[in-house]
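Undergrad: predicted model and sequence below, questions to follow.
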Amino acid sequence: MQEYLLEFEQVYYTYSGAQQLALNNLTLKIPLGKRCALIGQNGCGKTTLLLLANGLYKPNSGIVRWRGEPLNYNRNYLSQLRQKVGLVFQDPEQQLVASTVEEDISYGLCNLGLPVSEIKDRVEQALVEFGLTTLAERPVHHLSLGQKKRVSIADVMVLQPELLVLDEPTAYLDVKHTRNLIATLKKIHQNGTTLVMATHDLDLVYRWADWVFVMHEGRLVLEGQPQDVFLQHDLLLELELGIPLIYEILYYGLSSEDESVKQRVQNKILNRTII
Ligand SMILES: Nc1ncnc2c1ncn2[C@@H]1O[C@H](COP(=O)(O)OP(=O)(O)OP(=O)(O)O)[C@@H](O)[C@H]1O
């Protein structure tokens, strides 16, 4: 039976002073062990959901549950929750706090009050895992954006979270750095971490995700495996979200006379053998 790490049940959230609801009766469950993509138009509530995921924000009403238990918003509970739910912000500048890469990665561990020797070991391991060894002593403000992103993920992963949530991690990255990031996420997932990524890159969703959430105006309107979600062409068009290029060209580009070709193409797309 599918287990869920984090569950949002009928959650409402409005920013103070805002007229509109950011989350509007949102019900969504994050399945254990999956690579989830969260998609939806600008302003549909993706970032807000991620900020509620590790208790940075508290719902106005509704419940957020971690492994079946409602979140508690006291200090101790939240500090434990944030070890289990790691949040990587879209802008690494919001995340990087120390002067050097090494210090930045050790920051969260120091806050946990771990023994110095353990902090040293874990930081060294993270530097190796994230290819940051040669940058260990580099001031964080001297890094490229791609390097800063890697450090911000290392900062969170060094705490060994069970769930990693990332807000548009490939925004502003070039092809090479996007590929490297995806390889890093693959390793993190293989090591047992559940992933949730908010993104506008539907081609990436097709290649990377094994579960997709579609949000609209603060609520979940569709979820499923990417191959099923992207066949909901009419709904996705109505939401002005588009579809991955591969569907556009290979599937919907074919006319009805090409039925047998369409069938073959559909099978390939559904099995995701064209990547
Ligand atoms: N600090 C804030 N104060 C007031 N309103 C906010 C604030 N942050 C977000 N909002 C509003 O809340 C709604 C949801 O915003 P959110 O950032 O969660 O959307 P999003 O789906 O992440 O958008 P994007 O794809 O552009 O990053 C939007 O209407 C937005 O204008």
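TA: Alright, I've got the coordinates. Only a predicted model underlies this, so the values are computations on that prediction, with no experimental measurement involved.
Undergrad: what's the residue closest to the geometric middle of this structure?
TA: Closest to where the C-alpha atoms of the chain average out (CA atoms, centre = their mean) is residue 197, at 2.0 Å.
Undergrad: give me the beta-bridge partners of it?
TA: residue 37, residue 166 (DSSP bridges).
Undergrad: and it, what does it touch?
TA: Residues near residue 197 by CB atoms under 8 Å, 6 or more residues apart in numbering: 35-38, 165-166, 168-169, 185, 208-209. C-beta coordinates here come from the backbone N, C-alpha and C atoms, glycine included.
Undergrad: likewise for residue 146?
TA: 173-174, 177, 180-181.
Undergrad: okay, and which of these map to strands?
TA: Within the contacts of residue 146, no residue falls in strands by DSSP state E.
Undergrad: residues in contact with the lengthiest helix in the chain?
TA: For the chain, the helix reaching the highest residue count under DSSP state H is reported as helix 175-190. Helix 175-190 is contacted from outside by 35, 129-130, 145-146, 149-150, 153, 157, 164, 166, 169-170, 173, 195, 197, 204, 207-208, using CB under 8 Å, 6+ apart.
Undergrad: quick one: contacts for residue 123?
TA: Residues in contact with residue 123, defined by CB under 8 Å, 6+ apart, are 102, 105-106, 109, 158.
Undergrad: next, it: secondary structure please.
TA: helix (DSSP: H, G, I helix; E, B strand; the rest coil).
Undergrad: quickly note the distance from it to residue 154.
TA: Between residue 123 and residue 154 the computed distance is 9 Å (CB to CB, to the nearest Å).
Undergrad: got it, and residue 99?
TA: The spacing between residue 99 and residue 154, counted by CB to CB, is 16 Å.
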